[in-house]
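Student: Build the 3D model from these lines:
(chains A and B)
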Number of protein chains: 2
Amino acid sequence: MKPEFHFADRAIKLTSSAIREILKVTEKKEIISFAGGLPSPEGFPIEIVKDAFNKVLTENGKVALQYGTTEGYTPLRQWIADEMNASGSEINIDQILIVSGSQQALDLLGKILINEGDKILVENPSYLGALQSFGLYQPKYIPVPTDDGGLIPEHIDKETASNARFLYALPNFQNPTGRTLSLERRKELVKLMANLNIPIIEDDPYGELRYKGTPQPSLLSLSKETGGTVIRLGTFSKVLAPGLRLGYVIAPVPIIRKLVQAKQASDLHTPTLTQMAVYEVIKDGFLQKHLPNVRDIYRTQVQCMLKALEKEFPAGIQWTKPEGGMFLWITLPKHIDSTKLLEKAIVRNIAFVTGKPFFIAPSPEENCTMRLSFATVPEEKIVQGISLLGQLIKENL
Amino acid sequence: MKPEFHFADRAIKLTSSAIREILKVTEKKEIISFAGGLPSPEGFPIEIVKDAFNKVLTENGKVALQYGTTEGYTPLRQWIADEMNASGSEINIDQILIVSGSQQALDLLGKILINEGDKILVENPSYLGALQSFGLYQPKYIPVPTDDGGLIPEHIDKETASNARFLYALPNFQNPTGRTLSLERRKELVKLMANLNIPIIEDDPYGELRYKGTPQPSLLSLSKETGGTVIRLGTFSKVLAPGLRLGYVIAPVPIIRKLVQAKQASDLHTPTLTQMAVYEVIKDGFLQKHLPNVRDIYRTQVQCMLKALEKEFPAGIQWTKPEGGMFLWITLPKHIDSTKLLEKAIVRNIAFVTGKPFFIAPSPEENCTMRLSFATVPEEKIVQGISLLGQLIKENL
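Tutor: Alright, predicted model coming up:
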């Protein structure tokens, strides 16, 4: 007889991400996959990273391999504070916690902020990984409506929102839609949340991957004037490499203190060696030289995809035109179910991610949307894949 | 007006580890600190680790820096399975999850197994980091009494224990006491828990640091005969280096699946680069050559401390004589309060950790015990420190 295991209530609802399941199908070499969420490995500065690990282990091996403080490596935290302050914020090192990828920040924030049944405000659709992290702590999701300009602050109902633990937003090149919040809406949002006394979690993994248009101020920097609380999440996954698992949280000191305690119980600290090596990589301005190259890769690929869409997709289909990041969002006519389309696409060796898993509440678009990533697909494959996908859509119109 | 933050109930009780607070005091150079829980950096194979990072980044940089699977790097998981099977277990790779230090395993297990108010069985005293991890999920601790032979299976009351989610134990050179569970008690425990249908979490960070006596079979290997569930936690922190933050869980497949989902939501995966580099270090039998050196360091230091204790401590004081690991446990006469003693010790530039924080339930020994670590203290400092401490105790007898 096999034993039965009793899992905690919070774990019973836990499932593997729908996207991870799709990704397993799409690992076959012959598939052209727009499904992935991986950054382009062409942008990884492998030699620089190697030299940095070498240097740190040569000069400071005993420290790099020893336990470290939960807060993180001090020079790295100071670097982050300096960077933020150079772009209009006013923060100090005590407001910074280093985490094991910004996914960990989402888990820690859920841990310290969400009681079962608490309301949290989330863009509809939103980043699936955040929904998974928060979901473990069993909140009640309040959807914030979105349009092509991102979330719509004036559609936030004050009554419904009151007492929400926080609002979670990706203002730049959102995952899954690629949309960016306008300056006007940013100001409106920060002001509204300050008035309602609801903290904002500003998740910004893609902000540095802007390849077009004008950078917008962070919600954190805007909150200097309006007051209110903005908790900002950043990561080195998209500007250096995701396999390092290195991110950070910027928040008011009382929140950082509580996060530090939660992180201590979660994994003690983020690897010392990784933190020291990344600091070694970036400390003398490397990213200023490196990021234009990464942006070039993404710009070339998104332009290629946009051009192919224009050429191959029939009338009546809409798509976002992202100014940065890795994703583009397609809206099909309502009668085309993107889940069924995916089944047919896989038969023809094309993959994408359906829109549905990203929605936290019913939406007229939940069944007819799809997310395409151009980040890891070479140009000729983009052209070929979009052509095949366009053909398939035409057959199903 | 500063904003007030509303933390979740589980986070309100969360505090920084009492030990971390003591450690802050003891960072001064002039202090001889027996308080730390750090392994000796003399045992870190820095050059070997450096070569491994170099090799992995040179040969396989794009994979090492990319996102990886949540389960972990396959060759590393296979190596762990092979090692376990070589020492009497029968497990396969699907039963292994790589984690970001075994502290993360404790958090993930709490997450998937503990509902608020659930009973869990814990040695009294036990590892503080585990109490912090589990504590977040608000269990009801049921203390398992211990003596010099470790936990006492026959003192586990079946009625009280029934429906407990798990029993948590450190069978080898326990933190904080340095005690090891005898073969007889191991067998008794595994059988009893199988009968009660209560899984055992076997946390074994120090098992490979045995410098004396005969290795005992793991609870996992013993469960082959009795049945029942043993979840085993291992780590590379003490055999290689803790700053890498690399550990693993061995468990039945349904539990691993749930842990994978929880880990996905917690940090996606443990750094690919670290996993590949550690595999590179250990794959050809490095640990067999390396571990004797590490054991030599600890053996020399524990012998030095035991000799000093014999010489300097007055009659009526008891201490454990660990056969491995990093800690030694002192029991003072009941009228000496170790917390007050610590205050006086710090004035004389000596530090240790008081016993109290490790107890989950009242014990006649909670106020008169202390944990000493010899791992990072050079011999002459051990002699000097124990002499000063002995003098202080004599003055307070």
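
Student: Spit out the contact partners of A:Leu273.
Tutor: A:Leu273 sits next to A:Phe53, A:Val56, A:Leu57, A:Ala64, A:Leu65, B:Gly243, B:Leu244, B:Thr274 when contact means CB atoms under 8 Å, 6 or more residues apart in numbering or on different chains. All C-beta spots, glycine's among them, are computed from the backbone N, C-alpha and C.

Student: quick one: what helix or strand has it in it?
Tutor: Using DSSP states H and E, A:Leu273 maps to helix A:272-282.

Student: that older thread, from the contacts of A:Leu273, list the buried ones, please.
Tutor: If you count burial by 16 or more other CB atoms under 10 Å in any protein chain shown, the buried members of those come out as A:Phe53, A:Val56, A:Leu57, A:Ala64, A:Leu65, B:Gly243, B:Leu244, B:Thr274.

Student: any idea how far A:Asn175 lies from chain B?
Tutor: Distance, A:Asn175 to chain B, using CB to the nearest CB, to the nearest Å: 14 Å.

Student: count of residues packed around the residue lying closest to that residue once chain neighbours are set aside?
Tutor: Spatial nearest neighbour of A:Asn175, excluding adjacent residues (CB to CB, 6 or more residues apart in numbering or on different chains): A:Tyr127 at 4.7 Å. Other residues near A:Tyr127 come to 22 when the count uses other CB atoms under 10 Å in any protein chain shown.

Student: how far away is A:Pro271 from chain B?
Tutor: Counting by CB to the nearest CB - A:Pro271 and chain B are separated by 5 Å.

Student: ok, back up a step: tell me which of the contacts of A:Leu273 is nearest to A:Arg10?
Tutor: Using CB to CB, B:Thr274 comes nearest to A:Arg10 of these, at 28.5 Å.

Student: Now do the contacts for the closest one.
Tutor: A:Pro271, A:Leu273, A:Thr274, B:Leu244, B:Arg245, B:Leu246 are the contacts of B:Thr274 under CB under 8 Å, 6+ apart.

Student: So A:Ser40 sits against A:Arg299, correct?
Tutor: No - taking contacts as CB atoms under 8 Å, A:Ser40 lies outside contact range of A:Arg299: 11.6 Å.

Student: Could you look up the SS state of the closest residue to A:Lys187 other than its chain neighbours?
Tutor: Take A:Lys187 and drop its neighbours on the chain: the residue closest to it by CB to CB, 6+ apart is A:Leu222, 6.0 Å away. Secondary structure, DSSP: H, G, I helix; E, B strand; the rest coil: A:Leu222 is helix.

Student: Output stretch A:202-210 as CSV, nothing but the C-alphas.
Tutor: Below are the C-alpha coordinates for stretch A:202-210, written out as CSV (Å, rounded to 0.1, in the frame of the first residue of the first chain):
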residue,chain,number,x,y,z
GLU,A,202,6.5,47.9,-8.9
ASP,A,203,8.0,44.9,-10.6
ASP,A,204,10.5,46.0,-13.3
PRO,A,205,12.5,43.2,-14.8
TYR,A,206,12.5,44.6,-18.3
GLY,A,207,12.9,48.4,-17.8
GLU,A,208,16.5,48.4,-19.0
LEU,A,209,15.5,46.6,-22.2
ARG,A,210,14.0,49.6,-23.8
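
Student: Can you give me the buried ones in stretch A:280-289?
Tutor: A:Glu280, A:Val281, A:Ile282, A:Phe286, A:Leu287.

Student: Over to stretch A:50-61?
Tutor: Result for stretch A:50-61 [16+ other CB under 10 Å]: buried residues A:Lys50, A:Asp51, A:Ala52, A:Phe53, A:Asn54, A:Val56, A:Leu57, A:Gly61.

Student: before we move on, back to that, quick check, pLDDT for the residue nearest to A:Asn175.
Tutor: Among the per-residue scores, A:Tyr127 holds a pLDDT of 96.

Student: rewinding a little: how many other residues sit next to the residue nearest to A:Lys187?
Tutor: A:Leu222 has 24 nearby residues by other CB under 10 Å.

Student: before we move on, what about A:Tyr67?
Tutor: Quick note: A:Tyr67 (other CB under 10 Å) scores 18 neighbours.

Student: right, and it touches A:Pro271 too?
Tutor: No - between A:Tyr67 and A:Pro271 there is no contact under CB under 8 Å: 10.2 Å.

Student: Now the common contact residues for the two.
Tutor: By CB under 8 Å, 6+ apart, the residues touching both A:Tyr67 and A:Pro271 are B:Gly243.

Student: Return the distance of the most centrally placed residue in chain A relative to chain B.
Tutor: Closest residue to the average C-alpha location of chain A: A:Pro205 at 5.0 Å, with CA atoms, centre = their mean. According to CB to the nearest CB, A:Pro205 stands 12 Å off from chain B.

Student: you'd agree that residue is up against A:Arg232?
Tutor: No - assessed by CB under 8 Å, A:Pro205 is found out of contact with A:Arg232, at 11.2 Å.

Student: lowest confidence element among the helices and strands of chain A?
Tutor: Of all the helices and strands that make up chain A, helix A:18-25 has the lowest average by mean pLDDT, DSSP states H and E, namely a mean of 68.

Student: Direction included, what does the very next helix or strand once past that one pair against?
Tutor: As assigned by DSSP H and E, the chain's next helix or strand after helix A:18-25 is strand A:32-33. Strand A:32-33 has the following strand partners under DSSP bridges: strand A:350-351 (parallel).

Student: could you point out which element follows the strand it pairs with?
Tutor: strand A:353-354.

Student: Show me what that next one packs onto, helices and strands only.
Tutor: helix A:18-25, helix A:338-347, strand A:369-373 (3 or more CB pairs under 8 Å, 6 or more residues apart in numbering or on different chains; DSSP states H and E).

Student: Neighbours of A:Val347, how many?
Tutor: 9.

Student: Look up how far B:Leu388 lies from it.
Tutor: 77 Å (CB to CB, to the nearest Å).

Student: now A:Ile360
Tutor: 61 Å.

Student: who's more crowded, those two?
Tutor: Taking other CB under 10 Å, A:Ile360 and B:Leu388 do not tie; A:Ile360 has more neighbours (22 against 16).

Student: you'd agree the more buried one is up against A:Ile120?
Tutor: No - contact criterion CB under 8 Å: A:Ile360 and A:Ile120 do not qualify, at 9.7 Å.

Student: Mutual contacts of these two, please.
Tutor: A:Tyr141.

Student: Which residues are in contact with A:Asn293?
Tutor: Taking CB under 8 Å, 6+ apart, one finds A:Gly43 in contact with A:Asn293.

Student: Repeat that for A:Ala64.
Tutor: A:Val56, A:Leu57, A:Thr272, A:Leu273, A:Met276, A:Ala277, B:Gly243.

Student: what's the closest of these to A:Leu108?
Tutor: For the contacts of A:Ala64, the nearest to A:Leu108 is A:Thr272 (18.9 Å; CB to CB).

Student: Share the number of residues neighbouring that closest one, please.
Tutor: 24.

Student: separation between A:Arg210 and A:Tyr298?
Tutor: For A:Arg210 relative to A:Tyr298 (CB to CB), the value is 9 Å.

Student: okay, these two: which has more neighbours?
Tutor: The neighbour comparison of A:Arg210 against A:Tyr298 (other CB under 10 Å) goes to A:Tyr298, with 26 against 21.

Student: Now that one: which helix or strand?
Tutor: helix A:286-312.

Student: tell me the angle of that helix relative to helix A:272-282?
Tutor: Per axes from the mean of the first three to the mean of the last three CA atoms, to 10 degrees, the angle that helix A:286-312 makes with helix A:272-282 is 80 degrees.
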